[in-house]
Structure formats: structure tokens, C-alpha cells
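Peer 1: Here is my input, please return the structure:
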Amino acid sequence: MSFQPRGFDFLKDVDVRLTVELGRTEMKLKDVLALGEESVVMLDRLTDELLDVMVNGKLIARGEVVAQGDRFGLRIVELAGTENAPRKDVA
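Peer 2: Coordinates of the predicted model:
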């Protein structure tokens, strides 16, 4: 008896880590340690910029935050690698 998977169907149940990145900043450790409940940390992204959607650290799409009831969600706006997607390096 031989096992013959059809396409990539056998990979559909593999767990991956999906991350949505709101923005980044660099801080000195002393500044991180000084953060408190009312602290504000400025990020490198503007409010109207799309968020990066990554799977296992690899950029796959960009999207925007939506509210659904009392929860946040993400609307995918563009897939990575599409011709109209602006180029942005992810470190």
C-alpha cells in the first residue's frame, strides 16, 4: 500500500503562527523598564498604513483593523507579491 497525497492537502492541518504587526520601535532597556500603565510608545507606522500579516515570520499579506462586536479583527486588503503591493522590507 502506498501513500499518495493529492497536491498540498496533507499540509492543511499543520499549525503555523500568524502574526499581525502594528508597528515597531527601538528603545533602550532603561526606557522599557520605565514603562507604566499610562505610558505611550510611538511606533514607526502611521495610522492610515496597512498592517503586516506574517506566517512564521514571512510576510504574506497586508490588512486593516476592523471591529466586530467587542473584538478586533483583520481585513486582508492585499496579498504579498501582488503587482500593486508596495515594496516594504520586513526584518
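
Peer 1: List the buried residues in the longest strand along the chain.
Peer 2: In terms of residue count, the longest strand belonging to the chain (DSSP state E) is strand 58-68. By neighbour count on 16 or more other Cβ atoms under 10 Å, the buried set for strand 58-68 is 59, 61-63. Backbone N, C-alpha and C define where each C-beta goes, glycine included.

Peer 1: Show me what that strand is packed against.
Peer 2: Here strand 58-68 touches strand 51-55, strand 71-79, going by 3 or more Cβ pairs under 8 Å, 6 or more residues apart in numbering; DSSP states H and E.

Peer 1: now the buried residues of strand 58-68 as CSV including distance to Gly23?
Peer 2: Below are the buried residues of strand 58-68 laid out as CSV (distance: Cβ to Cβ, whole Å):
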residue, distance to Gly23
Leu59, 14
Ala61, 17
Arg62, 13
Gly63, 14
